[in-house]
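Peer 1: How does the following fold in three dimensions:
(one chain, ligands or ions: 1)
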Amino acid sequence: MVKAGKTKEKKEKENKDNQEIQLNEEPDVVEEEDEEARTFEELGLDPRLIRALNKKEISIMEPTPIQRVAIPLILQGKDVVARAKTGSGKTLAYLLPLLQKLLGTADSNRKKLSPSAFILVPSGELCQQVYKEVSSLIDSCKVQLKVVHLTSNMPASDLRNALAGPPDILVSTPSCVAKSLSVGVLKSESINDSLEILVLDEADLLLSFGYEEDLKALTALVPRRCQCLLMSATSSADVDKLKKLILHNPYVLTLPEVEGVKDEVIPKNVQQFWVSCGDRDKLVHILALLKLDLVQKKVLIFTNAIDMSFRLKLFLEKVFSVADYFTGHPLNYFNSSLILKIIAADT
Ligand SMILES: Nc1ncnc2c1ncn2[C@@H]1O[C@H](COP(=O)(O)OP(=O)(O)OP(=O)(O)O)[C@@H](O)[C@H]1O
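Peer 2: Reported below is the predicted structural model:
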């Protein structure tokens, strides 16, 4: 991050190689951040957004480390790649400056034909979560910004209604944008004319979920002036590929260490085992693990598709108590003592 008072060497190091900022390798940078920008006010956040954060069910008073670094850069209009562990606050790290930028243009007379901001996520469930977060911030700020989200089962007429206006912010999977383009409810020229901010959230999953072609098609329409943000919990070849495909000379923020806790994708206290078996034997193996109490306490089982989670649920219900199993959005229910085992599809 380019900051007043920083040494010349540091500035040069950051400007080199896509302006990479390894926060753990430069602890003094974190310290400087700590001293200089402890609060959202000091990050330059609009008071309406700060009030909206304070009003949340669990009020948010101080920025997380990734927010401290990312928010000012995004407010300055930089392209940013933010890599920080799950739960580090990446969603607000891009949503707050994105909303602030749109607050500044909310009263503009210029008639747009397409949304100013696209937030692309890999799944319908994430789409719903991000949409909820944006809507609640907009409601709390009491501003005239409109957000919509698209779902994969929407017919063309619903897509047309959702995009009429147009909204200021679109939350979608890449495939719903591709569908909207193909049925003509989004127009290439209007995207090129209107798009100001493009966010790829959970970027580490976007390509593995099969959105490469949709993203390539969209990239061709993204104007050069559009600010692009890429958020990811891990670094991977896919994230690099997306970075090269869409971003321009971005700041790369990596936050592997927060408050002395090493940010590993798999925490140290988690033991991992894998069982090699054919497709047909998977259910029996899971049953054996549970029946023999080899996996104890609460269990979260991920499957790669929704129909597989239902098959597993039906299978396990034949053996265990029906009330033990739940499928759907897992984390809201995981702390409930009634729910002992959860099956979740990773889509
Ligand atoms: N500054 C903050 N102070 C306290 N809580 C926060 C702050 N920022 C975000 N949170 C809360 O932390 C939780 C996790 O945040 P968030 O979902 O943004 O993490 P993430 O880094 O995007 O994770 P993922 O990689 O899974 O998307 C949310 O409940 C969010 O409301």
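Peer 1: residues of the helix ranked longest in the chain that come out buried?
Peer 2: Of all the segments of type helix in the chain, defined by DSSP state H, the longest one is helix 124-141. Judged by neighbour count (16 or more other C-beta atoms under 10 Å), helix 124-141 contains these buried residues: 124, 126-127, 129-131, 133-135, 137-138, 140-141. All C-beta spots, glycine's among them, are computed from the backbone N, C-alpha and C.
Peer 1: Around the ligand, pick out the residues from the stretch 201-347 of the chain.
Peer 2: Applying C-beta under 6 Å from any ligand atom, we find that the stretch 201-347 of the chain lies next to the ligand at 202, 233.
Peer 1: ok, which stretches of the stretch 201-347 of the chain are helices?
Peer 2: 203-206, 212-219, 237-246, 282-291, 306-319, 331-334 (DSSP state H, counting those that start in this stretch).
Peer 1: Burial-wise, tell me which of these comes out on top.
Peer 2: Greatest average neighbour count among the helices of the stretch 201-347 of the chain goes to helix 203-206 (a mean of 25), per mean count of other C-beta atoms under 10 Å.
Peer 1: avg pLDDT for that one?
Peer 2: The average pLDDT within helix 203-206 is 88.
Peer 1: what does stretch 119-129 give?
Peer 2: Here the average pLDDT along stretch 119-129 is 93.
Peer 1: got the CA coordinates for it in PDB?
Peer 2: What follows is stretch 119-129, C-alpha atoms only, in PDB (Å, rounded to 0.1, in the frame of the first residue of the first chain):
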ATOM      1  CA  ILE A 119     -20.400  -9.100  -8.200                       C
ATOM      2  CA  LEU A 120     -19.800 -12.600  -9.500                       C
ATOM      3  CA  VAL A 121     -19.800 -15.600  -7.200                       C
ATOM      4  CA  PRO A 122     -19.600 -19.300  -7.900                       C
ATOM      5  CA  SER A 123     -22.900 -20.500  -6.500                       C
ATOM      6  CA  GLY A 124     -26.500 -19.600  -6.100                       C
ATOM      7  CA  GLU A 125     -26.200 -19.900  -2.300                       C
ATOM      8  CA  LEU A 126     -23.400 -17.400  -2.200                       C
ATOM      9  CA  CYS A 127     -25.300 -15.100  -4.500                       C
ATOM     10  CA  GLN A 128     -28.100 -15.100  -1.900                       C
ATOM     11  CA  GLN A 129     -25.700 -14.400   1.000                       C
END
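Peer 1: Residues in contact with that stretch: which ones?
Peer 2: 94, 98, 130, 134, 149-152, 169-174, 177, 198-202, 205-206, 209, 211, 215, 218, 329, 347 (C-beta atoms under 8 Å, 6 or more residues apart in numbering).
Peer 1: does it come close to the ligand?
Peer 2: No - applying C-beta under 6 Å from any ligand atom, one finds stretch 119-129 separated from the ligand by no less than 7.7 Å.
Peer 1: Now the buried members of the contacts of stretch 119-129.
Peer 2: By neighbour count, with 16+ other C-beta under 10 Å, the contacts of stretch 119-129 hold 94, 98, 130, 134, 149-150, 169-174, 177, 198-202, 205-206, 209, 211, 215, 218, 347 as buried.
Peer 1: Look up how far residue 90 lies from the residue most central in space within the chain.
Peer 2: Compute the mean C-alpha point of the chain, and by C-alpha atoms, centre = their mean the closest residue is residue 201, 3.4 Å away. According to C-beta to C-beta, to the nearest Å, residue 201 stands 7 Å off from residue 90.
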